[in-house]
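K.L.:
build me a structure from this.
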Amino acid sequence: MTSTYTPHDAPAAEPSPPTGGFDRFQMSGEDLEEARAGLETSLEGREFRARRAEMPFSYRFASAGDSRLSLQSGTFLAHIQGVIPWSKDYIVSWFRTGAVIIDHPGGQLGSDGSRPFLTPSETSYSFTMTPHRHGIVHFGASFLEDVATERHGGPPQRIVFDYAAVPDAAALSAWQAALGAATPLIVAPATPPLARHSAQASLARALLDLFPWRAVDVPEALRTEHTRKLRQAAEYVHAFADQPITAGDIASAAGVHTRTLQQLMSQHLGSSPTTYLRHVRLDRARQDLLAADPGSDFVAGIARRWGFGNLGRFSAAYAARFGEYPRDTLSRW
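P.N.:
Numbering: from 1, shown residues only. From the prediction side, this is the model:
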């Protein structure tokens, strides 16, 4: 643990609040171009195009919350499409009327009636929406990732959801109950800070129960718009480290040439794709050793599970990375 010493002759710094204050916002109108431009600006998008439907046009957008979590509702009674080049936060949407189709590097997803779905994060995507009314829960990335540490026990890490997953009835019911209970506390300006935070955290936990997910320990330096290809490569390694993947497979998953991936990893991580893969496999082997029973599990079996056929080389690489031999980790149980 690191402590900070404040000299007696220097005034202690005032603590800063952990998050931005409550904010409530609303706009509406009947001007299609005004609505299109305003939506493109607020979503930091590009190439937004809108066309009228048979019904008279109107729009309305409302938001209440803070930087941890906000609840939003929107009405846009026209067709609209565009591109979102980057969004780091986690967003759950559901449609009361209308529909959306989203194309992203991992495939295509869309709304299905009023069932909630996740918008892709930390990547670019395009969308096409019919005239619609929808609801949104916008989770700040750092807030959701902090709550998720309650589940995975590690430091805050990027959460990768399964966008194609269909929530089961129990999880969906729990989500709806949590949303119903949290909404009055989140949208009311007079809600005490602790009560608001508790409501937000309960909704974050309900989201973590709603869709399958995994925490991926990718460096913070890769979580930017300009390094998203490299992040996709790192996530592919974490997802398929137990499979016989190659540097070419990793490059293909990121949509770049193998040589380009080698240059990117060397520049940002000081590593090659094969070295990065080996380190991830060593990390997984360590997790297995820490969880193993020394009376029934063996170092050799765990090493083979993660692709290390030569026990001597595995032990040397393990000791170089963790400062102890794998047999010492196993005997710690």
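K.L.:
what does stretch 83-94 contact?
P.N.:
Residues outside stretch 83-94 that contact it (C-beta atoms under 8 Å, 6 or more residues apart in numbering): 43-47, 100, 111, 114-119, 121-127, 134-141, 144, 159, 161, 207, 210, 223, 225, 228. Bear in mind the C-beta positions are built from the backbone N, C-alpha and C, glycine included.
K.L.:
where does pLDDT dip in the stretch 201-333 of the chain?
P.N.:
Residues of the stretch 201-333 of the chain meeting the criterion pLDDT under 70: 333.
K.L.:
looking at the contacts of stretch 83-94, which are in helices?
P.N.:
Judged by DSSP state H, the contacts of stretch 83-94 include 141, 144, 207, 210, 228 as members of helices.
K.L.:
can you list the residues you listed in JSON lines and add neighbour count?
P.N.:
Formatted as JSON lines, those follow (neighbours: other C-beta atoms under 10 Å):
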{"residue": "141", "neighbour count": "17"}
{"residue": "144", "neighbour count": "24"}
{"residue": "207", "neighbour count": "25"}
{"residue": "210", "neighbour count": "22"}
{"residue": "228", "neighbour count": "19"}
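K.L.:
list the contacts for the residue nearest to residue 327 when sequence neighbours are not counted?
P.N.:
Spatial nearest neighbour of residue 327, chain neighbours left out: residue 299 (5.6 Å); criterion: C-beta to C-beta, 6 or more residues apart in numbering. Counting by C-beta under 8 Å, 6+ apart, residue 299 makes contact with 289, 311, 314, 315, 326, 327, 330.
K.L.:
so which of those are in helices?
P.N.:
289, 311, 314, 315, 326, 327, 330.
K.L.:
relative to residue 301, how far out is the first one?
P.N.:
Look at residue 289 and residue 301: by C-beta to C-beta, to the nearest Å, they are 10 Å apart.
K.L.:
how far away is the residue nearest the centre of the chain from residue 260?
P.N.:
By C-alpha atoms, centre = their mean, the chain has its centre lying nearest to residue 159, at 3.9 Å. Per C-beta to C-beta, residue 159 is found 27 Å from residue 260.
K.L.:
sorry, back to before: list buried residues within the contacts of stretch 83-94.
P.N.:
The neighbour-count test (16 or more other C-beta atoms under 10 Å) marks 45, 100, 111, 116-119, 121-127, 134-141, 144, 159, 161, 207, 210, 223, 228 as buried among the contacts of stretch 83-94.
K.L.:
show me which of the contacts of residue 299 is closest to residue 248.
P.N.:
Nearest to residue 248 among those: residue 314, at 24.1 Å, using C-beta to C-beta.
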